[in-house]
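Asks: Need the 3D shape of this:
(one chain, ligands or ions: 2)
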Amino acid sequence: MRLTILGSGTSVASKIRKSPGYLLEINGTLNLLDCGPGIIHQLAHTQYIIQDISNIFISHVHLDHVNELFMLFFSNRYHVLKNKTKKTFKVFSSEYNIKFLLNVEKFYRKWIYDPVNKYIFVPLENMYTVDFEGFKVVTLSTYHTEGSLMFKFILGNKVFLYAGDTGLCQNLIDFSQNVDYLLIECSLPSEHKIDTHMDPGKLFQLIERSSPKNVILTHFYPEMDEHIEEIEQLRLKARNVGTNVIISKDLMKVDIL
Ligand SMILES: [Zn+2]
Ligand SMILES: [Zn+2]
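Replies: Ligands and ions are numbered 1, 2, ... in the order given. Model (predicted):
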């Protein structure tokens with residue numbers, strides 16, 4: 001598995017961090033986790049093009065995580081016309097989120113849908129397992145918005161969890177137990193804490209209770225970058241309990257070994 005961070009920021013303008021979007025390559029299958037504004041242009045800084053993506057996983061429908069989805073289908077028309085290629089994308093999310101996205105899709109359909117430029121929306125239930133070629137994905141709801149889902153990718157004995165946006169909750173603690181890699185938000189400093197988002201204090205509580213081997217922090221608001229010393233302290237405290245903390249940057253690659 002190989003992770004490429006397309007955007008490690010939020011909805012707030014930043015010189016260094018785009019909105020959320022992550023590529024996870026598993027055995028040659030390219031998965032996109034969330035599709036925030038700006039991530040299509042970030043692809044130009046990687047070895048990938050839109051048509052390399054097969055599966056798109058949407059954690060929730062806040063605009064910083066989903067606003068470029070229909071743009072992605074629109075942009076794909078260029079590749080379809082230029083290269084005469086066919087492409088079908090599959091979009092996975094909770095039933096609530098898929099219903100929401102289908103409501104929006106009808107406004108754009110005449111510009112984005114044609115028989116060679118297809119997309120299929122696949123609603124997933126909570127606590128559901130989907131089998132792909134060589135790997136599987138398990139879902140669990142989390143504490144953020146109605147319909148928010150976490151996605152756990154399992155390849156052999158390797159486990160990678162994308163938690164999306166979330167507060168600290170029992171589902172998150174249960175789902176993070178001993179995972180090899182946890183990609184999770186670290187939105188704000190502890191002094192600005194919000195119930196439905198993570199901060200360094202809550203992240204350490206999670207690390208103590210769930211013992212993930214590696215934690216990749218993302219979704220930084222500018223205030224969090226201004227308190228980078230708090231993340232450094234978290235990194236040192238986590239190391240003492242056996243967890244490696246990685247601070248993500250846009251276009252960073254992480255081999256999930
Ligand atoms: Zn967000
Ligand atoms: Zn959100």
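Asks: Show me where the stretch 51-200 of the chain has its helices.
Replies: 63-66, 69-83, 95-112, 170-175, 200-210 (DSSP state H, counting those that start in this stretch).
Asks: Output those as CSV; include the columns distance to ligand 2, mean pLDDT and mean neighbour count.
Replies: Heads up, the C-betas are built off the backbone N, CA and C, glycines and all. Shown next, in CSV, are the helices of the stretch 51-200 of the chain (distance: least, C-beta to the ion, whole Å; pLDDT from 0 to 100; neighbours: other C-beta atoms under 10 Å):
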stretch, distance to ligand 2, mean pLDDT, mean neighbour count
helix 63-66, 6, 98, 22
helix 69-83, 15, 91, 16
helix 95-112, 12, 97, 15
helix 170-175, 14, 98, 17
helix 200-210, 15, 98, 18
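Asks: okay if I get those as JSON lines plus distance to Tyr162?
Replies: Output for those, formatted as JSON lines (distance: least, C-beta to C-beta, whole Å):
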{"stretch": "helix 63-66", "distance to Tyr162": "11"}
{"stretch": "helix 69-83", "distance to Tyr162": "16"}
{"stretch": "helix 95-112", "distance to Tyr162": "15"}
{"stretch": "helix 170-175", "distance to Tyr162": "10"}
{"stretch": "helix 200-210", "distance to Tyr162": "15"}
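Asks: For the residue in the stretch 151-257 of the chain positioned nearest to ligand 1, which non-adjacent residue is spatially closest?
Replies: Minimum separation of the stretch 151-257 of the chain from ligand 1 (C-beta to the ion) falls at Asp165, amounting to 4.4 Å. Residue nearest to Asp165 in three dimensions, not counting chain neighbours: His144, with 4.6 Å by C-beta to C-beta, 6 or more residues apart in numbering.
Asks: got the contact list for that neighbour?
Replies: By C-beta atoms under 8 Å, 6 or more residues apart in numbering, the residues touching His144 are His60, Gly164, Asp165, Thr166, Gly167, Thr196, His197.
Asks: Among these, which ones lie close to ligand 2?
Replies: Filtering these for proximity to ligand 2 (criterion: C-beta under 5 Å from the ion) leaves Asp165.
Asks: Sketch out the strands for the stretch 1-150 of the chain, chain order is fine.
Replies: 2-7, 21-26, 29-35, 53-57, 87-94, 117-124, 129-132, 135-141, 149-155 (DSSP state E, counting those that start in this stretch).
Asks: what bits of the stretch 51-200 of the chain have low per-residue confidence?
Replies: Along the stretch 51-200 of the chain, the model assigns pLDDT under 70 to no residue.
Asks: related to what we said a few turns ago, for the residue of the stretch 151-257 of the chain closest to ligand 1, the count of nearby residues, please.
Replies: Using other C-beta atoms under 10 Å, Asp165 is surrounded by 24 other residues.
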